[in-house]
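>>> Take this sequence and fold it.
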Amino acid sequence: MIIEKITGLGFDNVKKIPVSQIPFEPSLISLCEMNTCGNYKRCYTCPPYVGKTEELVAKAKSYDEIIVFQKIYRLEDSFDIEGMSNGMKDFKKLVEDVSEICRKNLDNYILLSAGGCRVCERCGAIDNIPCRFPDKAYPSLESYSIQVSSLAKECGINYINGQNTVTYFGGILVNNL
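Purely as a prediction, here's the structure:
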């Protein structure tokens, strides 16, 4: 039932696999520590604030399944930064819709999104103030050490979807749906 509701939001793919098939790669956090995306120590849903790698992986492994959802966005060309940004904004709105479905249908879950949180223009982490919207701040799959390209393969879906596209992924850790 929940998979059908999420699929109805317009995702290109929605798949459920056992957590035992999730490709965890704790070394991903080293990319965060190198501040590859600019969010390290600047966002509550990113390292180090999101939690210790070992604890997050253990927390994820305490669930039985993950529902993976994917949305593909068309770009004008491979340099279409505005298109990528607009795609991310749309994806974040869809994640809010997924969150609402989860709140109404699940008691125990963890919702993971793509990239760092973008709810506030300036995260409270920068100014050492509490998160303003903890119920809308979703950690990324990568912050939980999930290798997304390998996760896509485990789900039987493409990670790369052709020239002039960008693809975003999210997931919901759940217990036996």
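
>>> Distance check, residue 46 against residue 86.
In this structure, residue 46 and residue 86 are 22 Å apart, going by C-beta to C-beta, to the nearest Å. Any C-beta I mention is one placed from the backbone N, CA and C, and that applies to glycine too.

>>> quick one, longest helix in the chain?
In the chain, assigned by DSSP state H, the helix with the most residues is helix 81-105.

>>> which strands and helices sit next to it?
helix 2-7, strand 65-74, strand 110-112, strand 165-174 (3 or more C-beta pairs under 8 Å, 6 or more residues apart in numbering; DSSP states H and E).

>>> where's the helix or strand of the chain with the lowest mean pLDDT relative to the chain centroid, distance-wise?
When the helices and strands of the chain are scored by mean pLDDT, DSSP states H and E, helix 28-33 comes last with a mean of 87. Distance, stretch centre to chain centre, for helix 28-33: 16 Å (C-alpha atoms, centre = their mean, to the nearest Å).

>>> Please identify the buried residues of that helix?
Neighbour counts over helix 28-33 (16 or more other C-beta atoms under 10 Å) mark 28-29, 32 as buried.

>>> if we can go back for a sec, show the average pLDDT along the longest helix of the chain.
In this model, helix 81-105 carries a mean pLDDT of 95.

>>> tell me which residues of that helix are tucked away?
83-84, 87-88, 91-92, 94-95, 98-99, 101-102.

>>> From residue 146, how far out is the residue nearest the centre of the chain?
Note on the chain: the residue nearest the mean C-alpha position is residue 113, at 2.0 Å, using C-alpha atoms, centre = their mean. Relative to residue 146, residue 113 is positioned 12 Å away (C-beta to C-beta).
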